[in-house]
Structure formats: structure tokens, C-alpha cells
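Trainee: can you look at this prediction? I've put the sequence above it.
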Amino acid sequence: MLDPFEVIGVTKTSTDADIKTAYRKLAKKYHPDLNPNNKEAEKKFKEISTAYKLIENKESREKYENGTFEEEFANSAHRDGPFYREHQGEGGRYAYHFEGDPDDILKSFFSGFGGFQDPSAKGSGRDFPGQDNLYKMEIDIRDAVNGAQREITLPGGVRLKIKIPPGIDNGEKLRFKNQGEPGIGKGKPGDAYVEIFIKPDEKFKRNGDNLEIQIPVTLDEIVNSAKILISTIDGSMMLNIPEGVNNETKLRIKGKGMVLKNGKGRGDLIVTLKLMLPHKIDPKFKEFISTWSKENPYNPRKKD
Amino acid sequence: MIKKIFQITEIIESYNLSEVFIYECIQKEWIVPCDMNNSYFDEEDISRILLIKDLKEDFGANDESVPLILHLIDQMHWLKSQIKYFMGKQKPDRNSDE
């Protein structure tokens, strides 16, 4: 490993301020955004940023001198990640925030060189389509079932009306033609895509075209086929618990699930009954169950 | 071609950035994340955040000068892309010379 003091161009007696000044001088010289396409500068910049991390203050210098800094830290200390110019090859998203007619600006820019040609002249230039942009949007399951309308503002201030169709799937992408990056020359603009993420719901779980819900029920409700109030995605409704059901029995309610892809009809709501005994079993209940069980023995682990 | 996008937690971990710093960049409108909920960032957003970090930490730029520097850099890149485009237009057409 290179001597960090040497890399930064300081000595072991240099102060924090001296080291910082020397580092900043080098950083300005070798920063890859100031040295486009210069691999050597990028390498040097990473080298000096690692060196600086090792000796930037008294504590880090002590660790370096004692050899107690972690090797992993030294290896990961350099400036990592993309440099801005790498994304500005054909002008990036931020660069396109400028207003004005580029033809006018460039005409005035080139007017001193003579021989300026009309950029729109046929067959005289290169055209590139603009890049597509991908955005993400979270919606809740009710919006996924019933559809919804949202308005978003894209970078640059363009407002986009988003119509979420009923029955949309998690991860489905909605396309907005020509709302991506502008094209170069006569190139068409790219498209914007909005990827839909359906937030997990506390009550409802999607399973294909169906929705699933668990409904806790009491022993009385399940034994005596009660009528109970349950939630559906469209609101509340009464459910008749049929005779002969048990814990984990699944009941199907037609047409209360997701809207089908073709828009014609809906899936079902699958209700799973969850038998809940009282939180506290009182002696009276215990005695009753005990007596009843002796008179009506059955073994649920035994196959019929 | 579709851009790759990243969650804030991914970029905090990958590039040793603080959440406070990222939200400061958003709040001061130095970056406008590709996702309107400020939950996802594309590589251009990440490179811009890292550039701001470099400007502040390595070059000693203060909060007042950061937007000015960014504006000038964006303007420069925009002009570069336009020059590239117009220089392409200026190239002589071989067939037309014949």
C-alpha cells in the first residue's frame, strides 16, 4: 500500500488543516468530473481519497501509525460510485431543465465561426431517440381493485395524469408515450413508465383474481351458524356461516375479489374462518366442556 | 432502454451516505429524484448526490455556492450535448461532395 502522507504530499508533522488543504488541491486536480475520459485521473482520485481518509485527523493518523485501522476500511475508503459526467453524455435529465430554443442559442454561439448550417437541413445530422424513464408508484389494494386517478409531477415540472386501471397487477408498468428524455435532433422523445407497487394490506391478500381474508369467529358463531358482519373491499356485508364448518374452513363469496383483466367480472373473496376461544377460560366453561366431552368423545387425530 | 433505480436504503449502504444529507439535497432542490415519493433514485440522481458530497467535503463548497456550481455544470453539459449535436450536423456529407 502507498504511503498516504506521500500520496497527499504532506509530512507526519502536518496539521489537519495542512492535510485538508493539500487534499483539496489534489481533489480539484484529479476529480473525474473535471477530467473526462481520463482513467489515470480516476485512479489517482480514488488513491488520494483513500489516503486522505487514513490521515485526515489525529485519530485516523494514530490508527494508521499503530496499524490498528481495519484493512477493510482502507480498501473501502476511496470514493466509490458513479461520477456525474458519466450520465451527461447526451445531456442528462438535469441538464434539460434549461429553457429556450437550442437552435437560437447555438446559432448565436456558432455565428462567429462562419459557415453555420441550418441544423434542420435534410440529411446533415445525427438523430437519437430520448431515453425512457422509469418511475415507481405505491398504491393500496383498494386502488388496485377499483382503479384510481393520480397526478404526478415529473422532474422539469411536467404534470402527468395517471389513470390506474381496475385490476392492475403488482409490478405492472404503465407507459406514457413521449414523456421520457427529449430526443437529440429529430430523435423522438423517450417514454415514461410508471411501475405500480401494491402496498401489503393488513386485511386483504391477493391471490390471482381472488382476494383472501381471515375472519376470527367465536365457538358460538361457528357452532350455531351465526350471521356475522365482515369486511370486503367494497365495504361491509353480512355473512351467513353455514352448518358443519370448522376452524380454517374457507368460504367463497362470489364477485368480491379483483376486477378481471378484461374488465368483465370479478374474482372471488375467500374467507377463512379462524376459531377463537375466549381469552380466559373460566371454570364454568371448563366444566361444561369436560362433561360434554365425556358424553361425546371424538378423536380429531384419528382418520375416519 | 430502461434505467435502473435504487431504494434510498440501498444507496445509503452502497455509497456511505447519510439519510439526512440525501433529504437535505432533496429539500434544497439540488436533486429531483426520479420517483415522486422520494423513495427511489436513478444513477443520475446518485451521481449528482455524490458530486454534491464531493463539492462540499472535498472542494469546500458551501451551501450557497452548491446550487450555482450545479447550475453551471448542468449548463455546461447541456451546451456540450448541443455542440455535439451541431458538430454532427456540420460534418461534410461525402456523397454530396462527389
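Mentor: Yep, that arrived.
Trainee: C-alpha from now on. contacts and neighbour counts both.
Mentor: Will do.
Trainee: quick check, B:E44 in contact with A:N133.
Mentor: No. Counting by C-alpha atoms under 8 Å, B:E44 stays clear of A:N133, with 11.3 Å between them.
Trainee: which residue does the stretch 201-304 of chain A have closest to chain B?
Mentor: A:D201 (19.1 Å; C-alpha to the nearest C-alpha).
Trainee: can you pull the contacts of that residue?
Mentor: A:D140, A:I141 (C-alpha atoms under 8 Å, 6 or more residues apart in numbering or on different chains).
Trainee: is it true that it lies in a strand?
Mentor: No. The assignment for A:D201, made by DSSP: H, G, I helix; E, B strand; the rest coil, is coil rather than a strand.
Trainee: give me the distance between it and A:D140.
Mentor: Distance of A:D201 to A:D140, given as C-alpha to C-alpha, to the nearest Å: 7 Å.
Trainee: same check on A:N224?
Mentor: Counting by C-alpha to C-alpha - A:N224 and A:D140 are separated by 36 Å.
Trainee: quick one: contacts for A:I196?
Mentor: A:K136, A:M137, A:E138, A:I139, A:D169, A:N170, A:G171, A:E172, A:K173, A:L174.
Trainee: now do the SS call for it.
Mentor: strand.
Trainee: let me know the pLDDT of it.
Mentor: With respect to pLDDT, A:I196 scores 88.
Trainee: what pairs with it across the strands?
Mentor: Going by DSSP bridges, A:I196 is paired in beta bridges with A:M137.
Trainee: again with A:N240
Mentor: For A:N240, the beta-bridge partners under DSSP bridges are A:K227.
Trainee: give the contact list for it.
Mentor: A:S225, A:A226, A:K227, A:I228.
Trainee: could you do A:I215 as well?
Mentor: By C-alpha under 8 Å, 6+ apart, A:I215 lies in contact with A:I230, A:V271, A:T272, A:L273, A:K274.
Trainee: dump those residues into CSV; add secondary structure, distance to A:K161 and neighbour count as well.
Mentor: Listed next are the contacts of A:I215 as CSV, based on DSSP: H, G, I helix; E, B strand; the rest coil; distance: C-alpha to C-alpha, whole Å; neighbours: other C-alpha atoms under 10 Å in any protein chain shown:
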residue, secondary structure, distance to A:K161, neighbour count
A:I230, strand, 35, 15
A:V271, strand, 36, 22
A:T272, strand, 38, 19
A:L273, strand, 41, 21
A:K274, strand, 42, 18
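Trainee: can you add pLDDT and give those residues back as CSV?
Mentor: Output for these, formatted as CSV (pLDDT from 0 to 100):
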residue, pLDDT
A:I230, 95
A:V271, 96
A:T272, 96
A:L273, 96
A:K274, 96
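Trainee: which residues in chain B form helices?
Mentor: Residue ranges of the helices in chain B, as given by DSSP state H, are B:8-15, B:19-27, B:43-53, B:65-90, B:94-97.
Trainee: that should have said the stretch 1-150 of chain A, apologies.
Mentor: Along the stretch 1-150 of chain A, the segments classed as helices by DSSP state H, counting those that start in this stretch run A:4-8, A:16-30, A:39-55, A:58-66, A:71-76, A:102-110, A:141-146.
Trainee: can you tell me the closest non-neighbouring residue to residue 4?
Mentor: Just going to use chain A. Nearest non-adjacent residue to A:P4, counting by C-alpha to C-alpha, 6 or more residues apart in numbering or on different chains: A:A51, 4.4 Å away.
Trainee: please go with chain B instead
Mentor: B:D42 (6.0 Å).
Trainee: list the contacts of the one you found.
Mentor: Going by C-alpha under 8 Å, 6+ apart, the list of residues near B:D42 reads B:K3, B:K4, B:I5, B:F6, B:P33, B:C34.
Trainee: now with 10 Å, please.
Mentor: Neighbouring residues of B:D42 by C-alpha atoms under 10 Å, 6 or more residues apart in numbering or on different chains: A:N133, A:L134, A:Y135, B:K3, B:K4, B:I5, B:F6, B:Q7, B:P33, B:C34, B:D35.
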